[in-house]
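>>> Could you work out the structure for the sequence below:
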Amino acid sequence: MKQHNRLDPWADAQRRPCKLCGRPIVWVTAFNADSKPVRVPLDMTKPVYRLTDVGNDGTVTAERVEGGGVTHFATCAKVGDLKRKDK
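So this is what the prediction gives:
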């Protein structure tokens, strides 16, 4: 496995512009709940946090995830322009 740059884990990732908004994204292969591979566009948005605990009083704690990305579907200003095809 390739060693990643600790300061910027995305440094070697191939970025492509989003066809809708033009922002740079990285396409990754992720696995859905059925363990099937799916292609997901990610923003190299920083920081990304992961939920670690919810206390009895409702207090939520989280930790920063280094090298994490956010799905571009959540951040693209023009995602509403997509027409969804029913299967």
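
>>> Okay, and the beta partners of the residue nearest the centre of the chain?
Geometric centre of the chain, nearest residue: V70, 2.6 Å, by C-alpha atoms, centre = their mean. Beta-bridge pairing of V70 under DSSP bridges involves D43.

>>> Wait, C21 touches D81, no?
No. Using C-beta atoms under 8 Å, C21 is not in contact with D81, being 9.1 Å away. Where C-beta positions appear, they are placed from N, C-alpha and C, glycine not excepted.

>>> Between these two, which has more neighbouring residues?
C21 (14 against 9; other C-beta atoms under 10 Å).

>>> For the more buried one, give its distance to T71.
Between C21 and T71 the computed distance is 14 Å (C-beta to C-beta, to the nearest Å).

>>> Let me see the contact set for the residue nearest to the centre of the chain.
By C-beta atoms under 8 Å, 6 or more residues apart in numbering, the residues touching V70 are 42-43, 45, 48.

>>> before we move on, which element is the residue lying closest to T71 once chain neighbours are set aside in?
The shortest distance from T71 to any non-neighbouring residue, by C-beta to C-beta, 6 or more residues apart in numbering, is to V40 (5.8 Å). For V40, the host element (DSSP states H and E) is strand 37-43.
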